[in-house]
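A.B. asks: here you go, sequence then predicted model.
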Amino acid sequence: MADMPNDFWSGWIVLLTSFSFIGLAWVVFSAYFSPQKEAEEEDLVWDGDVREGNDSPPLWWFWLILATMVFSVVYLMLYPGLGSFSGAFRWSMGHELQENKRDFEAKYLSINEEIIASSLETLQSRPDVMKSAGNLFDENCATCHGYEAQGQASLFPSLRDDEWQWGNSPEQIETSIRHGRKAAMMAWQAVLKDEGVANVSDYVLTALGTSEAVGHAGQAQYNQFCMVCHGAEGQGNPLLGASNLSNDIWLYGGSKEAVEESIAQGRHGEMPAYNARLDDAQIKMLVAWLIK
């Protein structure tokens, strides 16, 4: 509260707090200390036996409100809450966070340095590190990739097979975690039309990389539009995030309908970057856990 962006908002909060306090005090005074009105000559009665009265609220309400007001005054004297006034204790959430961060670094810095300096094989041999890495995965990655990293929903790839769209070396996996990935396959429906989509789909599923490729109806179109990314035999290109089409691992489904949909409408996948969320030690632990 003490770190207000400008004096206007600080002054506005001071006024709002002060008028609220004054208003509450006026309500209490009017309820308990204002002169009582003289009873009217005519005794008004509703619904048979409900009579007009002028009784004060219970006295314990007064003491409760008074105690709350005294507590509020003391609090505003000691802690921030009145605009930019920082209070006698000069406490703030930002300072508290900085202190907690310093305490955390003092306690765990040596452990983090040890993890960063260790080889992946050493980390994989430590059950405590692998357990922590598994917890990190569950907290940050399992929502998309599943709690066993098996992938899910025909949208998020399995991380437990040999197919890695952007490469499966430790360096490539670390880059994926740190900086995220954006994959984009353009839609080819407007170019290939229905017949071309069907031909290329059949070529990819039945003839690509085999002796049946030559002369296939979809070969020429594949070579013209797809080969530059996926390769002549569909081996893929990790540098571009182009999937391997020569195995039986299909992120969006390997049926003819699913492949035709991928070709016709394109695919757009994105993994967010975790460089700002995870530190170097945590990222290295995750890499070791993923390639174990």
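C.D. replies: Yes, it's here.
A.B. asks: what segments of the stretch 51-200 of the chain are strands?
C.D. replies: 181-185 (DSSP state E, counting those that start in this stretch).
A.B. asks: remind me which residues of the chain are low pLDDT?
C.D. replies: 1-6, 35-44, 46-55 (pLDDT under 70).
A.B. asks: domain assignment for it?
C.D. replies: Using automatic domain parsing, the domain parsing of the chain gives 1-31+55-92, 112-180+274-290, 183-271.
A.B. asks: those domains: which one's closest to A106?
C.D. replies: Among those, domain 112-180+274-290 comes nearest to A106, with 11.5 Å by CB to CB. Just so you know, the C-beta spots here come from the backbone N, C-alpha and C atoms, and that holds for glycine as well.
A.B. asks: any idea how far the closest one is from the chain center?
C.D. replies: 17 Å (CA atoms, centre = their mean, to the nearest Å).
A.B. asks: now stretch 102-109
C.D. replies: Relative to its parent chain, stretch 102-109 has a centroid offset of 25 Å by CA atoms, centre = their mean.
A.B. asks: show me which residues of that stretch are buried.
C.D. replies: For stretch 102-109, the neighbour count (16 or more other CB atoms under 10 Å) marks no residue as buried.
A.B. asks: swap in stretch 152-160?
C.D. replies: Buried residues in stretch 152-160, counted by 16+ other CB under 10 Å: F156, P157, S158, L159.
A.B. asks: show me where the protein has helices.
C.D. replies: 7-32, 59-78, 93-117, 120-124, 127-140, 142-145, 170-179, 189-202, 219-225, 227-230, 256-265, 280-290 (DSSP state H).
A.B. asks: which one of those helices is the most hemmed in?
C.D. replies: Of all the helices of the chain, helix 280-290 has the most neighbours on average by mean count of other CB atoms under 10 Å, namely a mean of 22.
A.B. asks: as CSV, the domains of the chain with distance to D103 would be great.
C.D. replies: Below are the domains of the chain laid out as CSV (distance: least, CB to CB, whole Å):
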stretch, distance to D103
domain 1-31+55-92, 16
domain 112-180+274-290, 14
domain 183-271, 33
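A.B. asks: now distance to V45 too, for the helices of the chain, in JSON lines please.
C.D. replies: Formatted as JSON lines, the helices of the chain follow (distance: least, CB to CB, whole Å):
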{"stretch": "helix 7-32", "distance to V45": "24"}
{"stretch": "helix 59-78", "distance to V45": "27"}
{"stretch": "helix 93-117", "distance to V45": "57"}
{"stretch": "helix 120-124", "distance to V45": "84"}
{"stretch": "helix 127-140", "distance to V45": "67"}
{"stretch": "helix 142-145", "distance to V45": "66"}
{"stretch": "helix 170-179", "distance to V45": "78"}
{"stretch": "helix 189-202", "distance to V45": "82"}
{"stretch": "helix 219-225", "distance to V45": "91"}
{"stretch": "helix 227-230", "distance to V45": "89"}
{"stretch": "helix 256-265", "distance to V45": "77"}
{"stretch": "helix 280-290", "distance to V45": "75"}
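A.B. asks: what about those helices, which gets the closest to S84?
C.D. replies: Of all the helices of the chain, it is helix 7-32 that lies closest to S84, at 4.1 Å by CB to CB.
A.B. asks: tell me the angle of that closest one relative to helix 59-78?
C.D. replies: Angle, helix 7-32 to helix 59-78, by axes from the mean of the first three to the mean of the last three CA atoms, to 10 degrees: 160 degrees.
A.B. asks: what helices or strands is helix 7-32 leaning on?
C.D. replies: Under the contact definition 3 or more CB pairs under 8 Å, 6 or more residues apart in numbering; DSSP states H and E, helix 7-32 sits against helix 59-78.
A.B. asks: show me the contacts for L159.
C.D. replies: H145, A149, Q150, G151, L290 (CB atoms under 8 Å, 6 or more residues apart in numbering).
A.B. asks: hmm, back to that, could I get the buried residues of stretch 152-160 as JSON lines with distance to L76?
C.D. replies: Shown next, in JSON lines, are those (distance: CB to CB, whole Å):
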{"residue": "F156", "distance to L76": "50"}
{"residue": "P157", "distance to L76": "55"}
{"residue": "S158", "distance to L76": "56"}
{"residue": "L159", "distance to L76": "53"}
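A.B. asks: quick one: which of those residues is nearest S201?
C.D. replies: For these, the minimum distance to S201 (CB to CB) is 20.7 Å, reached by P157.
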